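Here's my sequence, what's the structure:
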Amino acid sequence: MTITPRLVATYPVPDRDGTRTLLDPTGPVLRLHVRSAESLRIHDLGVQAELAAEFPAPSPEPWSRSWPAPDLSFAVFGTPTGYVAVAPDGRTLWRQPYGSWEVDRWGYVAFTPAGAGRPPRTWLRLPSGLPDSTLLLTLDAEGAVLARSVLPCGGYERFVSLLLDEHGEVTGVTVSGGREADTRFRARWESGALVLGGRLPQDGEAGRLPAEREYLGSDSRNTRCMSVDRRGRDVSWHDLPSYRVTATLRLSDFPAPGTGDCSVHNAPSISSWSGFVDDGTAMVTLHNTYDEAAVYVFGEERWREHSHWLADPATGELYGRVEYPMAEVDTVVPVGDGTWITREWDAYYRWRR
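Residues are numbered from 1 along each chain as shown. I've put the predicted structure just below:
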């Protein structure tokens with residue numbers, strides 16, 4: 001059941017001692033964000049890493065988060081006092097203060113493209129000053145405020161994000177985090193403001209995943225999605241839009257811990273570092289808690305913390321365990337085009353079956 005993957009690209013981490021990196025698989029191409037105190041650099045990841053844009057950081061303020069526009073015409077930085085939009089040449093395009101606020105935890109920026117009679121827009125979350133409400137600002141391409149929409153949902157210590165259709169139109173709002181289950185509402189742009197509508201089907205209702213499952217993404221046609229039990233006992237595939245379970249892969253379907261291709265684990269669970277490699281292949285990651293006592297007391301390091309397996313999303317059947325040339329590979333990001341990304345301390349690696 002062992003699969004030897006083919007290495008298709010290597011992306012060295014630039015200035016690895018002074019930067020933080022983030023893989024972004026959400027855009028039209030896979031991108032790598034490289035963050036330093038001085039700048040945000042965006043690399044397109046193809047055969048090699050190509051620098052697509054660089055945005056000087058707003059000086060002299062430190063920044064903790066960033067959101068580049070999809071067309072890379074500007075990037076929004078989250079500083080201790082406000083959002084700052086910066087062009088690639090370093091010009092500050094606009095500022096939107098929010099006072100003292102934990103932007104690192106609750107900040108949110110979204111972009112909607114131009115459409116039929118609709119200009120491109122930038123959406124910012126700001127503190128509303130109300131315990132159970134969320135303030136969203138809508139900006140035009142120049143940063144002018146088009147609307148200030150106070151939505152009667154969310155509030156402090158809840159994360160709020162927009163639901164967009166395939167044309168970039170806002171169709172709803174998701175409220176998540178805290179001690180409550182995720183809640184989704186309809187929303188629409190009407191008379192120059194964002195208007196909240198009725199509640200969408202929630203967890204446990206028709207057309208939604210149960211609360212005990214974590215969503216792991218969908219295939220390219222949006223006809224099938226993948227989820228994992230939050231306790232790591234199984235991974236399932238669901239028909240869309242009904243969310244009917246069509247296949248399930250349980251821990252008991254893997255070789256017994258300590259035997260065969262599962263000899264690298266003694267007590268594994270299924271990790272959320274899983275998803276679609278392509279429409280016909282899924283990545284399933286097993287995680288084994290690091291056995292500190294065995295390593296430091298007895299000098300044994302028999303168990304790996306992670307192993308990566310490929311499976312058939314149509315049937316849940318295992319194809320096999322991926323065996324890398326490296327001794328230990330931890331995190332993995334399925335790209336969706338038949339490849340996946342892993343990281344070592346000095347480089348990202350792109351693999352194909």
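
Residue 254 against residue 309, yeah?
Yes: between residue 254 and residue 309 there is a contact at 7.4 Å, judged by C-beta atoms under 8 Å. The C-beta positions use only the backbone N, C-alpha and C, and glycine is treated the same way.

Which parts of the stretch 201-350 of the chain are strands?
Ranges of strands within the stretch 201-350 of the chain are 213-218, 224-229, 234-239, 244-250, 268-278, 281-288, 306-311, 318-322, 332-334, 339-343, 347-352, based on DSSP state E, counting those that start in this stretch.

Output the ones you listed as CSV; include the columns mean neighbour count.
Shown next, in CSV, are the strands of the stretch 201-350 of the chain (neighbours: other C-beta atoms under 10 Å):
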stretch, mean neighbour count
strand 213-218, 18
strand 224-229, 22
strand 234-239, 22
strand 244-250, 16
strand 268-278, 21
strand 281-288, 23
strand 306-311, 22
strand 318-322, 18
strand 332-334, 22
strand 339-343, 21
strand 347-352, 19
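
right, and these - which one's nearest residue 150?
Nearest to residue 150, of all these, is strand 213-218, at 28.3 Å by C-beta to C-beta.

Least confident of the strands of the stretch 201-350 of the chain, on average?
Note on these: lowest mean pLDDT is at strand 213-218, with a mean of 89.

What's the local residue count around residue 305?
Using other C-beta atoms under 10 Å, residue 305 has 17 other residues around it.

That one is in contact with residue 327, isn't it?
No: in this structure residue 305 lies outside contact range of residue 327 using C-beta under 8 Å: 11.6 Å.

Find out how far stretch 117-125 is from the centre of the chain, if you would.
On the basis of C-alpha atoms, centre = their mean, to the nearest Å, stretch 117-125 sits 22 Å off its chain's mean C-alpha point.

Can you give me the buried ones in that stretch?
Buried residues in stretch 117-125, counted by 16 or more other C-beta atoms under 10 Å: 120, 121, 122, 123, 124, 125.

and the gap between the closest residue to residue 218 other than its chain neighbours and residue 322?
The shortest distance from residue 218 to any non-neighbouring residue, by C-beta to C-beta, 6 or more residues apart in numbering, is to residue 225 (4.2 Å). In this structure, residue 225 and residue 322 are 22 Å apart, going by C-beta to C-beta, to the nearest Å.

quick one: low-confidence ranges for the stretch 1-150 of the chain?
When residues are selected by pLDDT under 70, those of the stretch 1-150 of the chain lie in 116.

Tell me which stretches of it form helices.
Listed in chain order, the helices found in the stretch 1-150 of the chain under DSSP state H, counting those that start in this stretch are 103-106.

Run through the bridge partners of residue 186.
On the basis of DSSP bridges, residue 186 is bridged to residue 172.

residues near the nearest residue to residue 345 once chain neighbours are set aside, how many?
Spatially, and ignoring its direct neighbours in sequence, residue 345 is nearest to residue 16 (7.1 Å; C-beta to C-beta, 6+ apart). Residue 16 has 13 neighbours, counted by other C-beta under 10 Å.

Include distance to residue 186 when you put the strands of the stretch 201-350 of the chain into CSV, please.
Listed next are these as CSV, based on distance: least, C-beta to C-beta, whole Å:
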stretch, distance to residue 186
strand 213-218, 19
strand 224-229, 21
strand 234-239, 22
strand 244-250, 23
strand 268-278, 28
strand 281-288, 31
strand 306-311, 35
strand 318-322, 40
strand 332-334, 31
strand 339-343, 35
strand 347-352, 39
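
closest to residue 192 out of those strands?
Closest approach to residue 192 among the strands of the stretch 201-350 of the chain (C-beta to C-beta): strand 213-218, 32.9 Å.

what lines up beside that closest one in the sheet?
By DSSP bridges, strand 213-218 pairs with strand 224-229 (antiparallel).

quick one: the closest residue to residue 51 other than its chain neighbours from residue 32, how far?
With sequence-adjacent residues excluded and distances taken as C-beta to C-beta, 6+ apart, residue 51 is closest to residue 43, at 5.6 Å. Noted for residue 43: a distance of 4 Å to residue 32, by C-beta to C-beta.
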